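> generate coordinates for the sequence data below:
(chains A and B)
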Amino acid sequence: MTRPQQFNPLSEEEQELATGYVLGDLTTEEVTRLEALLTENPALIQEIHALQTSYALMPQALDLVEAPASLQEKIVPTPAVATPSVATAPPQRRSRRSRLAWILTGLGAIATLLLLTDNLRLRSQLRLAQGGSPDQVANILRQPNSRLISLTGSDSDAAGTLLFTPGNWQEVIVSLGDLPPLPPDEVYHMWLQLENGDVIYCGEFQTGEDGSVFVRLTPLESPPEGVRATELYVTVDADEAAPDPTGERIMEGVI
Amino acid sequence: MAETDADLVQLLRNGQTAALGKLYDRYAGLVYGIALKMLTNAAEAEDLTQEIFLILWQRDTYQASRGSMGSYLSTLTRSRALDRLRVGSNRQRILNQWSDDVGPRNTTVTPFEQASIEERKEYVRKGLAELPEKHRQVLELMYFEGLSQSQISQRLETPLGTVKTWARKGLLQLNQNLKSFQES
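Presented below is the predicted three-dimensional model:
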């Protein structure tokens, strides 16, 4: 193999394989060959990154298209809907607030989250919430103070939201995606952590084959008066076992 | 002095949601433009644009050291658009183009990456315009429609080997063109 080009430390074969890798058209034999070359020539890695960058730049040649003004209103938060954080809320007001108001304190711009997630897909998915009629979901969405709490995977790309109406913790809608699908004998459990150390069990669910779930949960307990909720989290247990709030956390959401 | 994209992302992480508005102002045209070109439907393009900015905010996976915000959003938009077009098999590979899948990346962001959107558009346009027409066509069919080289071979009634050669040569030359713009 020769490296004839002074300005490029890669052989023609290396360039071919790097390009094929980025375009995804390598044969099995070519992949094996590329893997061997990668260990010999670190410059090949940088070449692949450069090719990936160039390929990813292609759409930037497109004419910019002005998005409809109505779209900006749906996506971009307006100051009017941003809610104060815990740090800015006067302490003396806390006792006058409803208990569930504190589930929301610190989340910030909750109404904005609702606006942001107010897209066709989420709405259509929410309408399909398992165990919840379209009317029940619509009722929550229609509440002017409906709130969303975001949850993300502890060690995965899982993400989603919990939708509820303050003052009515007895009914919540959970919309999650990219969770690891479970075997039939295991289920996910959702928990609400309170600041006093207590944990409220919210319910169980399974995902579809694609790792997503849209489910209505009906927790039997609500946070006691004056006790603030601090986070939501999801664990996994055997279907037959008693739910264990100390199990490994699969998803979490700070309140 | 204007805030950089990295500054705005940091503000967003700190809960200053106004930063999302500034990022939207900078990149909505790019994201919506890609979505519209690929999905060819205004309502779907709007929906995807919302989804992309939601991901930018809530999933927080952008890393400035790995490339420009424009490249990140372009790759993400393309991946999600192809997902909607049910070209799912390519999705992981496409996402890998952003993730670090072959080894440590040189974390130096190039001046090209830091150029304005308008400057980059001009560079990339020139870089593509200098490619032979067939090379450019194959790259665009792969990129924007998610077609495999076999599908392109059938559409263009051209042998698969030829399509493969056009694609590889096209990308190599595009890369060299963009490098030369950076150095000029």
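> so where do the helices sit in chain B?
Ranges of helices in chain B, per DSSP state H, are B:5-13, B:18-39, B:42-58, B:69-84, B:91-96, B:111-114, B:117-129, B:133-145, B:149-156, B:160-183.
> can you say which of those helices is nearest to A:A67?
Nearest to A:A67 among the helices of chain B is helix B:18-39; the distance by CB to CB comes to 4.0 Å. Every residue, glycine included, has its C-beta placed from N, CA and C.
> how about that closest one: buried residues?
Neighbour-count burial for helix B:18-39, counted by 16 or more other CB atoms under 10 Å in any protein chain shown, picks out B:19-24, B:26-39.
> those: which ones sit near chain A?
With CB under 8 Å from any CB of the partner chain as the criterion, these include B:L20, B:G21, B:Y24, B:A28, B:G29, B:L30, B:V31, B:Y32, B:G33, B:I34, B:L36, B:K37 near chain A.
> redo the residues you listed as CSV? Include distance to A:G247.
Converted to CSV, these look like this (distance: CB to CB, whole Å):
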residue, distance to A:G247
B:L20, 35
B:G21, 40
B:Y24, 39
B:A28, 42
B:G29, 46
B:L30, 43
B:V31, 39
B:Y32, 43
B:G33, 46
B:I34, 42
B:L36, 45
B:K37, 46
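> can you list the domains in chain B?
For chain B, automatic domain parsing gives the domain ranges B:5-84, B:103-183.
> ranking those by burial, who's on top?
Counting by mean count of other CB atoms under 10 Å in any protein chain shown, domain B:5-84 has the highest mean neighbour count of the domains of chain B, with a mean of 20.
> so how far does that domain reach from one end to the other?
Domain B:5-84 has an end-to-end distance of 28 Å (CA to CA, to the nearest Å).
> ok so, going back, so can I have TSV of the domains of chain B showing distance to A:G211?
Converted to TSV, the domains of chain B look like this (distance: least, CB to CB, whole Å):
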stretch	distance to A:G211
domain B:5-84	14
domain B:103-183	22
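> now mean pLDDT and distance to A:Y188 too, for those domains, in TSV please.
Shown next, in TSV, are the domains of chain B (pLDDT from 0 to 100; distance: least, CB to CB, whole Å):
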stretch	mean pLDDT	distance to A:Y188
domain B:5-84	85	20
domain B:103-183	84	33
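> closest to A:L37 out of those?
With CB to CB as the criterion, A:L37 lies closest to domain B:103-183 of the domains of chain B, at 12.1 Å.
> how far does stretch B:72-79 sit from its chain's centre?
5 Å (CA atoms, centre = their mean, to the nearest Å).
> mind checking which helix or strand the residue lying closest to A:V234 once chain neighbours are set aside is in?
In space, and not counting its chain neighbours, A:V234 is closest to A:M251: 4.1 Å by CB to CB, 6 or more residues apart in numbering or on different chains. Secondary structure assignment for A:M251, by DSSP states H and E: strand A:249-254.
> in its sheet, what does that strand sit against?
As defined by DSSP bridges, the strand partners of strand A:249-254 come to strand A:147-153 (antiparallel), strand A:229-238 (antiparallel).
> what pLDDT, on average, does it get?
Per-residue pLDDT values across strand A:249-254 average out to 86.
> and the contacts of that strand?
For strand A:249-254, the surrounding residues in contact (CB atoms under 8 Å, 6 or more residues apart in numbering or on different chains) are A:106-107, A:149-154, A:156, A:158, A:160, A:162, A:176, A:179-180, A:188, A:230-236.
> residues in contact with stretch A:185-205?
Stretch A:185-205 is contacted by residues A:103, A:130, A:162, A:169, A:172, A:174, A:179, A:182, A:206-207, A:213, A:215, A:217-224, A:227-240, A:243-245, A:247, A:250 when judged by CB under 8 Å, 6+ apart.
> go ahead and build a ChimeraX selection from the buried members of those residues.
Entered in ChimeraX, the line below selects the buried ones among the contacts of stretch A:185-205, by 16+ other CB under 10 Å:
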select /A:103,162,169,172,174,179,182,206,207,213,215,217,219,222,223,227,228,229,230,231,232,233,234,235,236,237,243,245,250
